[in-house]
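S.K.: model this:
(chains A and B)
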There are 2 protein chains.
Amino acid sequence: MIVSLTIRAILKDLMGTVEQIEGTVDILNPGEPETEVTGIITAFSATQNIVEQAIALGANLLITHEGVFYSHHAASEWLEGDPVYHAKKSLIEHSPIAIFRYHDYWHRQEPDGIMMGLLRELDWSDYVEEQQAAATILTIPAMTVMEAAQYIKSKLGISYVRAAGDLSLSCIRVGILIGYRGGGMMAIPLFNDHNLDLIIAGEGPEWETPEYVRDAGHQGRSKALIMLGHAESEAPGMKYLAEILADKYPMLPTRFIAEQPIYQMV
Amino acid sequence: MIVSLTIRAILKDLMGTVEQIEGTVDILNPGEPETEVTGIITAFSATQNIVEQAIALGANLLITHEGVFYSHHAASEWLEGDPVYHAKKSLIEHSPIAIFRYHDYWHRQEPDGIMMGLLRELDWSDYVEEQQAAATILTIPAMTVMEAAQYIKSKLGISYVRAAGDLSLSCIRVGILIGYRGGGMMAIPLFNDHNLDLIIAGEGPEWETPEYVRDAGHQGRSKALIMLGHAESEAPGMKYLAEILADKYPMLPTRFIAEQPIYQMV
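M.R.: Model prediction:
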């Protein structure tokens, strides 16, 4: 028996039982829901490199967490005169690839699929104390900030993290915030509300959370912050998604593609 | 003759001829306009360390670019339960220090005072081709991205920058965007509109400008991006301000205080 799967069927599974999200950024563009899926690629972002790899692999459904054109929002009128935009748009339009952005509905699963992926990659799932909507609170075996940074780099296969605070501080109480949730209003209250030693986040404005950590340390209330990078904190969730989809649709070639880090340290 | 200067008089000078800015974040808090100034400290941010140094130096006017409490906006109700916030607030309230945030009006000078400070520090003022409201376009002597990064690190006295794109790319056409202006909608159009090789910025969301630079390179349209860090891009403008004020008010002890980098690379 040959079972054929449409994009519509897969997207219905991805939505799960999450209530409809008003103003969601999760859209299928380009793509037709009735298209039969030949293969699935998941990735953090639809970089031109990954779009090309997906096409070369014969996949026709690319599921990414971030948008295609350098913005959280789909509108791209501001790029109308740009040759890089047009070349990428033309490549996609002249290919069989459909692109689905799986952002809001993946975060809104309970627990958040992106967070689950990161916890699995860190091998810290057993240490979770509380899963909040936007953060996870853990009690980990005691390690210094430096040791935590080295552990994370090793587990995630990344070459650097940015750290604020005293690197020799011993950490047990840890909060994790993925993606852009490292900003002050999300991160700072967690320190006090949950008696945290360390927050591990993706990215956030530099004048917010790390400046709080600096002041806290100056007052003798040592806290620490490790910024992983946005992609570094969320790509594991898209890798995890590929595993789930591969289990669910064994008849479909499905894989996650990793990208190079966006920045080099010089 | 002893000339006494009030905070009001100094603030009037700082506003210059800039038209009133609606909803500005530039406020004197705490502080009374009629207070006689005993000394001025300028800094990128009013960290607790810098507040303490200003008090120890006998200055009673601290002029900073960013806010005191980890946010672009002055409202701090969200910090009401936080001990770090209360300790810092109490220190300030029980000290003679007045704090003026000089952000919007310093950027709105023509040319932007923060940009002027960075160009001076980089010794690139002579290479300016166009001063826009939010960006400066330069034609510099040809150097690779790697050489530009090393030059900038040396001139600004910083230990690292983050770079995207091909480090061996030769750069002549350069755009500079300070502070948080490194985001996609501000930075990306500059590449094409001004035929830029390299953008140097403070900070911005990771999924925007550097992802564009990645795609551009993949298409053979090599571009590059150097992210200095927010404070690293704007502190020179507050150092420059101290020089201007010292010249203008020779009777007042006036100095800039630098802070440590907010992040360590691990």
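S.K.: With adjacent residues omitted, what lies nearest to residue A:242?
M.R.: residue A:256 (3.8 Å; Cβ to Cβ, 6 or more residues apart in numbering or on different chains). For the C-beta atoms, the positions are set from N, CA and C on the backbone; glycine is no exception.
S.K.: Burial check on residue A:146, number of neighbours?
M.R.: Using other Cβ atoms under 10 Å in any protein chain shown, residue A:146 has 16 neighbouring residues.
S.K.: How many residues are close by residue A:250?
M.R.: So residue A:250, with other Cβ under 10 Å, has 8 neighbours.
S.K.: ok, back up a step: from chain B, how far out is the residue nearest to residue A:242?
M.R.: Applying Cβ to the nearest Cβ, to the nearest Å, the value for residue A:256 to chain B is 18 Å.
S.K.: where does chain A dip in pLDDT?
M.R.: A:1-3 (pLDDT under 70).
S.K.: make it 90
M.R.: For chain A, the stretches with pLDDT under 90 are A:1-4, A:16-17, A:74-76.
S.K.: and it, what are its domains?
M.R.: With domains defined by automatic domain parsing, chain A comprises A:7-108, A:113-230.
S.K.: got the residue ranges for the helices in the stretch 51-200 of chain A?
M.R.: A:83-93, A:104-107, A:113-122, A:145-156, A:184-193 (DSSP state H, counting those that start in this stretch).
S.K.: Tell me which of those helices lies nearest to residue A:8.
M.R.: helix A:104-107 (14.7 Å; Cβ to Cβ).
S.K.: what does the stretch 101-250 of chain A put close to chain B?
M.R.: Residues of the stretch 101-250 of chain A found near chain B (Cβ under 8 Å from any Cβ of the partner chain) are A:146, A:149-150, A:153, A:160-164, A:167, A:180, A:184-185, A:188-189, A:191-193, A:203, A:205-212, A:214-216, A:218-219, A:221, A:226-227, A:229-231.
S.K.: Can I get the buried part of the residues you listed as one PyMOL selection?
M.R.: Here is the PyMOL command that selects the buried residues among these (16 or more other Cβ atoms under 10 Å in any protein chain shown):
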select buried, chain A and resi 146+149+153+160+161+162+163+164+167+180+184+188+189+191+192+203+205+206+207+208+209+210+211+212+214+215+216+218+226+227+229+230+231
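S.K.: The residues of the stretch 101-250 of chain A next to chain B in strands, which ones?
M.R.: Of these, the ones assigned to strands by DSSP state E are A:162, A:163, A:164, A:226, A:227.
S.K.: helix/strand/coil for the residue most central in space within chain A?
M.R.: A centroid search over chain A (Cα atoms, centre = their mean) returns residue A:234, at 1.8 Å, as the residue closest to the centre. When classified by DSSP: H, G, I helix; E, B strand; the rest coil, residue A:234 comes out as helix.
S.K.: ok, now the one 10 residues further on?
M.R.: Going by three-state DSSP, the secondary structure assigned to residue A:244 is helix.
S.K.: Look up how far chain B lies from it.
M.R.: 23 Å.
S.K.: That residue and residue A:102, how far apart?
M.R.: Note on residue A:244: its distance to residue A:102, by Cβ to Cβ, to the nearest Å, is 11 Å.
S.K.: do the same with residue A:208
M.R.: Taking Cβ to Cβ, one finds residue A:208 at 28 Å from residue A:102.
S.K.: what sits against residue A:264?
M.R.: With contact taken as Cβ atoms under 8 Å, 6 or more residues apart in numbering or on different chains, residue A:264 is in contact with B:162, B:163, B:164, B:167.
S.K.: could I get those residues as TSV with distance to chain A?
M.R.: Listed next are the contacts of residue A:264 as TSV, based on distance: Cβ to the nearest Cβ, whole Å:
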residue	distance to chain A
B:162	4
B:163	5
B:164	6
B:167	7
